[in-house]
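S.K.: Just a sequence and a predicted model for now, questions to come.
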Amino acid sequence: MKKLVIFLSIGFLIFIVIQFPYATINPGELVEGHQKIRSQCLACHKPFAGVDNEKCMSCHKLADIGLDKENKQNKI
């Protein structure tokens, strides 16, 4: 019985993370330009691999990636 509860709990957690990724693994607020894709985490991120650079370059010029448009400084 204990194994079943553990299995169901892990399955439920995986389901919640897949269905509501922004609400469950949100690292913080997005910059203003990314608010429109707020709930589409997989638009930029690969599961267990982070952000795919090619996905950044599909929307941004390479020279602009990581650039803070307001202060004209690179973000860290």
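M.R.: Received the coordinates, thanks. Just so we're clear, the structure is a prediction, and the values are computed from it rather than from any experiment.
S.K.: Only C-alpha atoms from now on, for both contacts and neighbour counts.
M.R.: Will do.
S.K.: Is G28 in a helix, a strand, or coil?
M.R.: With DSSP: H, G, I helix; E, B strand; the rest coil as the basis, the three-state label of G28 is coil.
S.K.: Next one: it from Y22, what distance?
M.R.: Here the criterion is C-alpha to C-alpha, to the nearest Å. By it, G28 lies 9 Å from Y22.
S.K.: quick one: which of these two has more around it?
M.R.: In terms of neighbours (other C-alpha atoms under 10 Å), Y22 is the more surrounded of G28 and Y22; the figures are 16 against 7.
S.K.: list the contacts for the closest residue to that one other than its chain neighbours?
M.R.: Computed as C-alpha to C-alpha, 6 or more residues apart in numbering, the closest residue to Y22 that is not its neighbour in sequence is S39, at 5.7 Å. Contact criterion C-alpha atoms under 8 Å, 6 or more residues apart in numbering gives F20, P21, Y22 as the residues in contact with S39.
S.K.: What residues does Y22 make contact with?
M.R.: Residues near Y22 by C-alpha under 8 Å, 6+ apart: R38, S39, Q40, C41.
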